[in-house]
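> Here is the input, now give the coordinates:
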Amino acid sequence: MKSRMALLVLLLTAGLYRPAAADVQIGVGIALPGIRVGINVPSYPDLAPVPGYPVYYAPNLAMNLFFYDGEYWAFSDDNWYSSAWYDGPWNMVEPDYVPYYLLRVPVGYYRRPPAFFRGWNRGGPPRWDQRWGNNWRDRHQGWDRWNHSAEPGRAPLPAYQRRYSGSHYPAPGEQRTLKNRYYRYQPRGPQPQRPGAQPGHPQRPGAQHAAARRQAPMVRTPPGRPQAQMQRQQAQKRLVQQRQQQAQQRQAQQRQVQQRQVQQRQVQQRQVQQRQQQAQRRQVQQRQVQQRQQQAQRRQVQQRQVQQRQVQQRQMQQRQMQQRQMQQRPVQQRQMQQRQQQAPQHQAPRAQGHARPGPAGHGGSKKPNNGGHPPGDR
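Numbering: from 1, shown residues only. Below you'll find the model as predicted:
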């Protein structure tokens, strides 16, 4: 425990030291490994130099990826991350330990700028002093001013990493071996300290002290300073915890938003289904109404046909009656004629019968000599 505390004191002391003449930030940050930050670079990126700065950036990626002093740097979700390889593993670096030349990169070279960049000059650096507060600004006065003539050169790009992508991307242990073999560049300033440099082989306290001494300049600490450093360290830990809590809160909010979106989609789908069902019901009702109308029309047609048939039958009956009457008229006329002819014959005998009682020769009527024919037959 004492060895770890001593290491932290040395690291914090190294972060407090910043020479003004060389204008190079000296600091060792305590990074948090194994954090998923949403940075995914599937293949070796195309890096272009930022004019006037010893920094490269990735113009073809939709993320804030940079390369400076032999390390990849990424800015995501208001945090800085570093890695020796282009696709991680990434380690979160506190704002006090981010290199100044990286913080000085103009706003226009951030391919995915956060919302709080709006309104800032694209040709100037982001206003980190406004973002990170007065305490950070007091500890890093003059971070945005430097001697351009004394600007260091750019570190060579690790082109050997181009051969490793996808399933051939090396594990962290193999990454260190390949870097030591193919990349001879030595960083100008201390790099962020990554806990567990060799998985499975923890460093001894003496080795940690030696590494810290190599990376940090020797600075004499006045009495009482370790307590202030411990307080600062605790404040930094709290800051890390707060940021982790904020990240968790963001994730929870994102989950809630996703859940709401899913619920809204489900509600919309249900509404669409209900509308479709209502439309189907309306179509069924319309079909039923149409069927009823068709049935009513059929009934009307049938009634009309029945009425027409009845009218035709009546007309046929009337014609038949007229024909019968026409046929019976000649017969009736003949019968009437016969009756008329027979009527005088019946009347003549009756007249004779009335004449017989008179005696002959006593004023009795004489029998006409018409040959025995009635008058009507002449």
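> would residue 82 count as being in a strand?
Yes - assessed by DSSP: H, G, I helix; E, B strand; the rest coil, residue 82 belongs to a strand.
> Tell me where the stretch 1-150 of the chain has strands.
Under the criterion DSSP state E, counting those that start in this stretch, the stretch 1-150 of the chain contains strands at 48-49, 56-57, 64-68, 71-76, 79-83, 91-93.
> Show residues contacting stretch 45-61.
Stretch 45-61 is contacted by residues 41, 65-69, 86, 101-102, 104-106, 109, 111, 148, 151-155, 157 when judged by CB atoms under 8 Å, 6 or more residues apart in numbering. In this view, the C-beta of every residue, glycine as well, is placed from N, C-alpha and C.
> Out of these, which sit inside helices?
101-102 (DSSP state H).
> Restricted to buried residues, select the contacts of stretch 45-61 in ChimeraX.
Typed into ChimeraX, the line below selects the buried ones among the contacts of stretch 45-61, using 16 or more other CB atoms under 10 Å:
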select :41,65,66,67,68,69,86,101,102,104,105,106,109,154,155,157
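> Okay, now the unreliable bits of the stretch 251-378 of the chain?
Counting by pLDDT under 70, the stretch 251-378 of the chain contains low-confidence ranges at 345-378.
> Nearest to residue 230, out of the strands of the stretch 1-150 of the chain?
Nearest to residue 230, of all these, is strand 91-93, at 20.7 Å by CB to CB.
> for the record, mean pLDDT for that closest one?
On average, the pLDDT along strand 91-93 is 93.
> distance between it and the chain's centre?
Put simply, strand 91-93 sits 34 Å off its chain's centre (CA atoms, centre = their mean, to the nearest Å).
> Let me see the backbone angles for residue 123.
Dihedral pair for residue 123: phi -90, psi 0, per degrees, to the nearest 10.
> That one: neighbour count?
By other CB atoms under 10 Å, the residues close to residue 123 number 8.
> Just to check, residue 108 is in contact with residue 122?
Yes - between residue 108 and residue 122 there is a contact under CB atoms under 8 Å: 3.9 Å.
> more neighbours, the two?
Neighbour count, other CB under 10 Å: between residue 108 and residue 122, residue 108 has more, with 15 against 11.
> which residues sit in contact with that one?
Counting by CB under 8 Å, 6+ apart, residue 108 touches 122-123.
> And it, how far from residue 123?
The gap separating residue 108 from residue 123 is 6 Å, by CB to CB, to the nearest Å.
> So what angle separates the directions of the strand or helix carrying residue 324 and strand 79-83?
Assigned by DSSP states H and E, residue 324 belongs to helix 225-355. Using axes from the mean of the first three to the mean of the last three CA atoms, to 10 degrees, the direction of helix 225-355 lies 110 degrees away from that of strand 79-83.
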